[in-house]
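Colleague: Provide a 3D model corresponding to the input given below.
(chains A and B)
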Amino acid sequence: MPHPWIPNSYVKSELMKELGISSILELFRDIPRELLLMEYPRVGYGSPLTEYQLTRVFSELMKKNTYSYKLPPFLGGGVCFHYVPSVVRHIAGRSELYTAYTPYQPEVAQGITQALFEYQSLVADLYGVDVVNASLYNGSTALAEAIRMAVRVTGRRNIVLPRSLHPEIVEVARTWSEPVGISIHLVDYDSETGRVDLSKLEDCVRKNKPAAVFIQTPNFFGIVEVELRKIFEIAHEVGSLAAVYEDPIFTGILEAPGRLGADIVIGDTSSIGSGLNFGGPSAGILGIRDPEEKLLRQLPGRLIGYTKTVSGEDWGYVMVLQTREQHIRRERATSNITTNSALEAIKAAVYLTLLGSEGLRKLGEAIAGRTEFLVEKLVDAGLELTFSRGTHLREVLFKHSKMAELRSFLKEQGIYIGPLAGRFYSELSDCGLVCVTETHSKQDIETLSNLVREFLQVRA
Amino acid sequence: MRNFRQAKWSEPLVYEVSRDRKEGVLIDSEFRDYTVKFFNKLPEGVARRELLPIPSLSEVEVIRHFMRLSQMSYGVDFGPVPLGSCTMKYNPKICEELSGDREITEAHPYLDDDSVQGILEVIYILQKWLSELVGMDVCSIQTPAGSAGEFTGALMIKKYHVDRGENQRDEMIVPDSAHGSNPASAVMAGFKVVRIPTDSRGNTDLEALRAALNRKTAGIMLTNPNTLGLFEEYIIDIAREVHNAGGLLYYDGANLNGIVGYVRPGDMGFDVAHLNLHKTFAAPHGGGGPGAGAICARGVLTDYVPVPIVDYDGRKYYLKYDVPKTIGRISWFYGNIVPAVKSFLYIATLGPQIREVAEISTLNTNYLLKKLSSLSGVDLVYGYGRWRKHEFVVSFEKLYKETGVGAEDVAKALLDRGLHAPTILFPLIVPEAHMIEVTETETKENLDRLAEAYKEIIATAHTDPAEIKKSPRDTSIERLDTVYGNLPKNVVLTYRSLVKKKRET
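Modeller: Numbering: from 1, shown residues only, chains lettered A, B, ... in the order given. Coordinates of the predicted model:
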């Protein structure tokens, strides 16, 4: 049966005539007969849907989502409710960009290659590093790729991760690494500051001489790791690479990790233009500070470079260093990555350009201020800080024996906090994260704290 | 006749659009006093002291810059993009519109299952439909794209053998016609790659396969139809032999488009398959991503899929983490949900008629192949007289020898005719190759246009090869020198290093 998305289904017989066949099945003649399906597949809704039927079906499904943000959600856990500016949505909706392929033919794809070159440049500037690739899938796989890169560069097979790294990223790191004999060593956090325990870190690094030492700042608990320079020194002392996972949204107010000595930087674009998307897609950031050019040849992922035209009269952008990649190098490639997150990277470039240096600083300050206000209000309302001696940024881990009940109570009012830390850390079973972004007003945070107070005084 | 001209804006890098300090968006300073408190707590050296060295443009400058860049790009919405093994089909607009629903884009991944029953149901149904289409017991959409799916599948095979105490199975068989990501993924999962050749009919060489099988064989990674667009005629024998040797079969789903709804990898004997939702199931490519993938398994590998998957307990949909032998998480959260929703909408629209996709993509392929294979200087190399499925490969080796015009030159000449080029110089077993996949969404007129363009380019190559070698000229930029930009002293990957290079010279 013909379908509008399949134009030649209306002129099938003409094409068949051209091929001299009377049945379409002749084209499938070389397939063993017992494999050919006799019946139509049982997918969809019995027959093709019209566009208005599809819209109806989908809207009925979406009505089954019962969440409704009465206030911007206070949910954290590595990804938070940041605003995606209209300009970003507008550019991402250009079908010259979103219906294009990877720029294998750069002469017709100068827009995409230039935008990706700009992404590489902007993000390298944020983190203070030399090179950033044109994106991996997301922050979790970027960190997993960073581990493998560090192993290739150093020839070592131990990796040190803090327990305060996003627990789902730790899981991804394990899945990607352990089956090939890379050992992951976890270092505990300090129970008062929430930061990585420096003496334990030092012991672990000295003992295992890892390929790389990773740190996340602010970490999963929302705590700023204030001793990055020291941590990087600990790594470098034993010849390990120093790697940091940092959300790019903070780069306007925190010193660039590259300038503090990090060799590898990792992040995710969820906060800078991708949005939440129920967890994906976003783009994974992977960058290197590489003064001696030891890492570049081992860096996975697409890279856009600058080159001249054959005539030498003009300059443009092309994919470079493809000899690292799977389609050329096959089993000797640095990674299997092919499709990545180019459009999310372009969205990040638009976002960063739109905010600019001033905007990113103000945004960081806006989030930092809200975090302070949140802590003041919620402590005043009766919650305890899990890490009273830590500096919080965007996310705060609070403690209360009735944390789970509090979360449910708030949810009934259309106000969302979490996740509960007990889902990842058994010792933190009475703790939960609360997150604030630029989208929260003073009144929002006060509404939250009033409800928390009400719950703790009346119901707990 | 030159009848195409792409936009050319000579747009400066965003750093050079303006040096003035402006704002593209307003940010409030409602919490200024609290911000001061925050910074007071930070020890010396933690806070950034200087502004970031990035531009600060106004909103209109940002829009114009990126709109000009978008005009210097070419996608499916503007004409055929016949890249082989890429399945560049039309991306239906209704799928774009509905998947952009804020109900999805603003959903936080840590909302409780009971709050997002609609999204979970969509994922659940998609998992079921994909399982049905590939003939597998279970599908997970956690894999963010095809290569991630390959890696996941290879890890599942590895864990299966390790769980059975067969650690010695460390060889993965990969035909020489395979996508480059197959051997790369196998190595990432810790396998040694054993390469086997393709026979003259374009099938995996069965004798070579038999010879390669032994007690170290972990499995085989196969694409069917393969990158020549040919269905592996002896797939049943291949599956039997590999299974008899104790190995498992991995299906690369990049080429499913030509057989979807007609033949199923599970029925062919594959144990695990990945699917590219951004190929067969119409999610867009985004200039290189994000895509979305699915990893599907049956039989002995069912319990090895990554977690979580979405399940239904008779009352509600939920994220299921309890999969007995799971390899773990391959990515955080649950996959690339937005493109996955597009694929849900695509399959929902076509329903059982998705078979039409296989029929017409195969019909289109052979229609264009017939027109091209009769041109002088063009050769098939493998599988003469056989029908192709989703794609076909032609070699321009003869043309190159006769005229000096090779596959790359022909590709660049296509660009000048307002067409996108196919995948070139791949698969590696075909010299001077064009791998051409037109999909079911191309019109007869465009197929004829493509054929005419090839015919005219080849004719010109014989009479005036220099003319072809000058192309492209009507694209935003003339032919780029890819060697120059790759020379170690010329590698420039950021604006900062570009400025430095320019200062030095």
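Colleague: All the helices of the stretch 101-250 of chain B, in order from the start?
Modeller: With DSSP state H, counting those that start in this stretch as the criterion, the stretch 101-250 of chain B has helices at B:102-105, B:117-134, B:146-163, B:181-188, B:206-212, B:235-244.
Colleague: Any chance of those helices in TSV with mean neighbour count and distance to chain A as columns?
Modeller: Glycine gets a C-beta too; all of them are placed from N, C-alpha and C. Formatted as TSV, the helices of the stretch 101-250 of chain B follow (neighbours: other Cβ atoms under 10 Å in any protein chain shown; distance: least, Cβ to the nearest Cβ, whole Å):
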stretch	mean neighbour count	distance to chain A
helix B:102-105	18	5
helix B:117-134	23	4
helix B:146-163	26	4
helix B:181-188	29	4
helix B:206-212	16	14
helix B:235-244	18	6
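Colleague: Any idea which of those helices gets closest to B:Pro55?
Modeller: helix B:102-105 (27.3 Å; Cβ to Cβ).
Colleague: ok, now which ones touch the residue positioned nearest the centre of chain B?
Modeller: By Cα atoms, centre = their mean, chain B has its centre lying nearest to B:Cys86, at 5.5 Å. Listed by Cβ atoms under 8 Å, 6 or more residues apart in numbering or on different chains, the contact set of B:Cys86 reads A:Tyr101, B:Lys279, B:His285, B:Thr423, B:Glu437.
Colleague: Quick one: the helices of the stretch 101-250 of chain B as CSV, columns for mean pLDDT too.
Modeller: Formatted as CSV, the helices of the stretch 101-250 of chain B follow (pLDDT from 0 to 100):
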stretch, mean pLDDT
helix B:102-105, 96
helix B:117-134, 98
helix B:146-163, 97
helix B:181-188, 95
helix B:206-212, 97
helix B:235-244, 98
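Colleague: And stretch B:264-278, end to end?
Modeller: Chord length of stretch B:264-278, first to last residue, is 19 Å (Cα to Cα, to the nearest Å).
Colleague: Pull the number of nearby residues for residue 336.
Modeller: The chain I'm using is chain A. 29 (other Cβ atoms under 10 Å in any protein chain shown).
Colleague: oops, I was thinking of chain B
Modeller: A count of nearby residues for B:Asn336, using other Cβ under 10 Å, gives 34.
Colleague: so it touches A:Pro281, yeah?
Modeller: Yes - using Cβ atoms under 8 Å, B:Asn336 makes contact with A:Pro281 at a distance of 4.1 Å.
Colleague: what's the overlap in contacts for the two?
Modeller: With Cβ under 8 Å, 6+ apart, B:Asn336 and A:Pro281 have common neighbours A:Tyr137, B:Pro144, B:Pro290, B:Ala292.
Colleague: could you pull out the strands for the stretch 401-505 of chain B?
Modeller: Secondary structure of the stretch 401-505 of chain B (DSSP state E, counting those that start in this stretch): strands located at B:423-424, B:433-436.
Colleague: Which one of those strands lies nearest to B:Leu447?
Modeller: Nearest to B:Leu447, of the strands of the stretch 401-505 of chain B and by Cβ to Cβ, is strand B:433-436 at 10.4 Å.
Colleague: which residues sit against the closest one?
Modeller: Counting by Cβ under 8 Å, 6+ apart, B:82-85, B:227, B:365, B:368-369, B:372, B:391-396, B:407, B:410-411, B:421-427 sit against strand B:433-436.
Colleague: what's the answer for stretch B:375-383, then?
Modeller: B:198, B:200-202, B:228, B:230, B:372-373, B:392-399, B:402-403, B:429-431, B:454-455, B:458, B:461-462.
Colleague: where does B:Met1 land on pLDDT?
Modeller: Looking at B:Met1, its pLDDT is 59.
Colleague: got it, and the one 3 residues further on?
Modeller: For B:Phe4, the pLDDT comes out at 94.
Colleague: any idea whether it is helix, strand or coil?
Modeller: Going by DSSP: H, G, I helix; E, B strand; the rest coil, the secondary structure assigned to B:Phe4 is coil.
Colleague: Neighbours of it, how many?
Modeller: For B:Phe4, the count of nearby residues is 14 (other Cβ under 10 Å).
Colleague: what are the ranges of the strands in chain A?
Modeller: A:74-75, A:131-132, A:158-162, A:183-187, A:212-216, A:241-245, A:264-268, A:284-288, A:304-308, A:315-319, A:384-385, A:395-399, A:417-418, A:431-435 (DSSP state E).
Colleague: And those strands: which comes nearest chain B?
Modeller: Of all these, strand A:304-308 sits nearest to chain B, with 2.8 Å by Cβ to the nearest Cβ.
Colleague: hmm, back to that, what distance do you get for the residue nearest to the centre of chain B to B:Tyr262?
Modeller: 21 Å (Cβ to Cβ, to the nearest Å).
Colleague: for A:Ala124, same thing?
Modeller: 48 Å.
Colleague: Going along the chain, name the helices of the stretch 351-500 of chain B.
Modeller: Under DSSP H, counting those that start in this stretch, the stretch 351-500 of chain B gives helices at B:355-373, B:397-403, B:407-416, B:444-463, B:465-469, B:495-504.
Colleague: In CSV: the ones you listed, plus distance to chain A.
Modeller: Output for the helices of the stretch 351-500 of chain B, formatted as CSV (distance: least, Cβ to the nearest Cβ, whole Å):
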stretch, distance to chain A
helix B:355-373, 5
helix B:397-403, 18
helix B:407-416, 5
helix B:444-463, 6
helix B:465-469, 9
helix B:495-504, 4
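Colleague: Now render those as JSON lines, adding mean pLDDT and mean neighbour count.
Modeller: As requested, the helices of the stretch 351-500 of chain B are exported to JSON lines (pLDDT from 0 to 100; neighbours: other Cβ atoms under 10 Å in any protein chain shown):
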{"stretch": "helix B:355-373", "mean pLDDT": "97", "mean neighbour count": "24"}
{"stretch": "helix B:397-403", "mean pLDDT": "97", "mean neighbour count": "18"}
{"stretch": "helix B:407-416", "mean pLDDT": "98", "mean neighbour count": "24"}
{"stretch": "helix B:444-463", "mean pLDDT": "97", "mean neighbour count": "17"}
{"stretch": "helix B:465-469", "mean pLDDT": "97", "mean neighbour count": "16"}
{"stretch": "helix B:495-504", "mean pLDDT": "94", "mean neighbour count": "14"}
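Colleague: Please name the residues that touch whichever residue of the stretch 201-350 of chain B sits closest to chain A.
Modeller: Nearest residue of the stretch 201-350 of chain B to chain A (Cβ to the nearest Cβ) works out as B:Phe333 at 2.7 Å. Contacts for B:Phe333 (Cβ under 8 Å, 6+ apart) come out as A:Glu168, A:Phe278, A:Gly279, A:Gly280, B:Pro109.
Colleague: what about the nearest residue to the fourth one once chain neighbours are set aside, distance to B:Thr349?
Modeller: Right, A:Gly280. Once flanking residues are discounted, A:Gly280 sits nearest to B:Asn336: 4.3 Å by Cβ to Cβ, 6 or more residues apart in numbering or on different chains. The gap separating B:Asn336 from B:Thr349 is 20 Å, by Cβ to Cβ.
Colleague: Same check on A:Leu397?
Modeller: 45 Å.
Colleague: Then A:Gln298?
Modeller: Here the criterion is Cβ to Cβ. By it, A:Gln298 lies 44 Å from B:Thr349.
Colleague: These two - which one has more neighbours?
Modeller: Using other Cβ under 10 Å, the more surrounded residue of A:Gln298 and B:Thr349 is B:Thr349, with 25 against 18.
Colleague: A strand includes the more buried one, no?
Modeller: No - assigned with three-state DSSP, B:Thr349 falls outside any strand and is helix.
Colleague: That one against A:Tyr52, yeah?
Modeller: No - with contacts counted by Cβ under 8 Å, B:Thr349 stays clear of A:Tyr52, the gap being 11.4 Å.
Colleague: all helices for the stretch 151-300 of chain A, in order.
Modeller: Using DSSP H, counting those that start in this stretch, helices in the stretch 151-300 of chain A cover A:167-177, A:198-208, A:228-237, A:257-260.
Colleague: list the buried ones in the shortest one?
Modeller: This points to helix A:257-260. Across helix A:257-260, burial judged by 16 or more other Cβ atoms under 10 Å in any protein chain shown covers A:Pro257, A:Gly258, A:Leu260.
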